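One predicted model, sequence on top.
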Amino acid sequence: MIRIVLADDEHLVRGAIAALLGLEEDLEVVAEVGRGDEVEAAVAEHGADIAVLDIEMPGATGLEVAARLKEGAPGCGVLVLTSFGRPGYLRRALDAGARGFLAKDAPVDELAGAIRKVHAGGRYIDTELAAAAMTSGDNPLTPREAEVLKAAADGLSVSDIARRIHLTEGTVRNYLSSSITKTGAGNRLGAIRKAQEMGWL
């Protein structure tokens, strides 16, 4: 029996997925959580073989949780299930240690097959998302540029960003300017929008 922790902040979606997976003879959803920061404890408590993670969750994103599980629970395979088909997310998920990446609207038999494949040590990546990621190119933003742009997306001013991440205001402006250039945007808002669409933030 493959023991699964299911993490999604949408209660109805989580319940529906759990019910459908529960119909599979070899799969058992041993815990359902609605926050990213609850996943590690659930995995440890229930001895989960697989964590199925949404990307956008309160507490911690699915990508952050995947990285933590890679370090703290390497025996637990991670499959990211997402409604955001952004190419940058796939690359970031794989970098974080996820071995599966699937759209939420995939048929349940495809999800079940992906879980089995990841549990067996393989990888399962949605073919359309993989193709989009290959054609989109690498993320042009450095980690620092992405950090500054993410803070700007939160609505912070240059001085607030500088205080939050311990940089001078001039350095923050330089990072914002280089982000605008690299994303081909006309201004800060355009750079934020492009980076979010691509899954770079």
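Received, thanks.

In the chain, what residue spans correspond to strands?
All strands of the chain, identified by DSSP state E, fall at 2-7, 27-33, 50-53, 77-82, 100-103, 124-125.

Make JSON lines out of those strands and add distance to A185 and mean pLDDT.
To be clear about C-beta, it is placed using only N, CA and C from the backbone, and glycine gets the same treatment. Output for the strands of the chain, formatted as JSON lines (distance: least, C-beta to C-beta, whole Å; pLDDT from 0 to 100):
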{"stretch": "strand 2-7", "distance to A185": "33", "mean pLDDT": "98"}
{"stretch": "strand 27-33", "distance to A185": "36", "mean pLDDT": "97"}
{"stretch": "strand 50-53", "distance to A185": "30", "mean pLDDT": "98"}
{"stretch": "strand 77-82", "distance to A185": "24", "mean pLDDT": "92"}
{"stretch": "strand 100-103", "distance to A185": "27", "mean pLDDT": "91"}
{"stretch": "strand 124-125", "distance to A185": "29", "mean pLDDT": "92"}
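
from the ones you listed, which stretch is densest packed?
Highest mean neighbour count of the strands of the chain: strand 50-53, a mean of 28 (counted as mean count of other C-beta atoms under 10 Å).

For the closest residue to V30 other than its chain neighbours, give me its contacts.
Nearest non-adjacent residue to V30, counting by C-beta to C-beta, 6 or more residues apart in numbering: H46, 4.1 Å away. H46 makes contact with 3, 5, 30-31, according to C-beta atoms under 8 Å, 6 or more residues apart in numbering.

Then R188?
Taking C-beta under 8 Å, 6+ apart, one finds 149, 152, 176, 179-180 in contact with R188.

Same question for L102.
L102 sits next to 79-82, 110-111, 114, 124-126 when contact means C-beta under 8 Å, 6+ apart.

quick one: the residue nearest to V30 and E28, what's the gap?
10 Å (C-beta to C-beta, to the nearest Å).

which residues are in contact with both of these two?
Joint contacts of H46 and E28 (C-beta under 8 Å, 6+ apart) are R3.

wait, E28 sits on A18?
No - the pair E28 / A18 is not scored as a contact, 9.9 Å apart, by C-beta atoms under 8 Å.

All good on my end, thank you.
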